[in-house]
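Colleague: Fold the stuff below for me.
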Amino acid sequence: MRKFLIAFFATTAVAADVQPGNWEMTVNMSVDGMPAGAVAPVTQTRCLSAEDARDPSRLVGNAGCEFSNKRDNGSEMSFDVACGGQVPMRGKGVVRYSAQNVSGTLELAAETGGQKFMTRSQLSARRLGDCKS
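Modeller: Purely as a prediction, here's the structure:
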């Protein structure tokens, strides 16, 4: 889950002049076939440096996700994503952004053991202020 959170946020940094600083990011995820609320929200605080904002690969790290078909209108970005790993996943996302706030959705589909499943994630992020040394 953390890998998707970081990869998802990194996509936003590709196009936006997301302001460096301390960011709080929350992801709410649902999985088809599981009851609503079965997956607890994940909240993470991260210091986003100026270099991170300019180079999203620094955020993605070993997430194993590749982004393609990026379309950006200046306040909203849509994209396709493919993630490797034990259970490869493919999907699409939409992110709305400003220098201080980010929100978006990510849908990923996978097949494992002959069964298909889909995850849906809702992201919200906000800049808290400058990073603490």
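Colleague: As a check, name the ranges of all strands in this structure.
Modeller: Applying DSSP state E to the chain gives strands spanning 21-31, 42-48, 65-72, 76-83, 89-97, 101-112, 115-129.
Colleague: Kindly reformat those strands as a markdown table containing mean neighbour count.
Modeller: Where C-beta positions appear, they are placed from N, C-alpha and C, glycine not excepted. A markdown table is the format used below for those (neighbours: other CB atoms under 10 Å):
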| stretch | mean neighbour count |
| --- | --- |
| strand 21-31 | 17 |
| strand 42-48 | 15 |
| strand 65-72 | 13 |
| strand 76-83 | 18 |
| strand 89-97 | 19 |
| strand 101-112 | 17 |
| strand 115-129 | 16 |
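Colleague: Can you convert these into JSON lines and add a column each for mean pLDDT?
Modeller: Formatted as JSON lines, the strands of the chain follow (pLDDT from 0 to 100):
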{"stretch": "strand 21-31", "mean pLDDT": "90"}
{"stretch": "strand 42-48", "mean pLDDT": "89"}
{"stretch": "strand 65-72", "mean pLDDT": "85"}
{"stretch": "strand 76-83", "mean pLDDT": "87"}
{"stretch": "strand 89-97", "mean pLDDT": "88"}
{"stretch": "strand 101-112", "mean pLDDT": "88"}
{"stretch": "strand 115-129", "mean pLDDT": "90"}
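Colleague: what's near enough to touch residue 28?
Modeller: For residue 28, the contacting residues are 39, 41, 121-122, by CB atoms under 8 Å, 6 or more residues apart in numbering.
Colleague: Relative to residue 98, which of the residues you listed is nearest.
Modeller: Closest approach between the contacts of residue 28 and residue 98, by CB to CB: residue 122, at 17.4 Å.
Colleague: Roughly how far does that closest one sit from residue 18?
Modeller: When distance is defined by CB to CB, to the nearest Å, residue 122 is 18 Å away from residue 18.
Colleague: What of residue 76?
Modeller: Going from residue 76 to residue 18 by CB to CB gives 13 Å.
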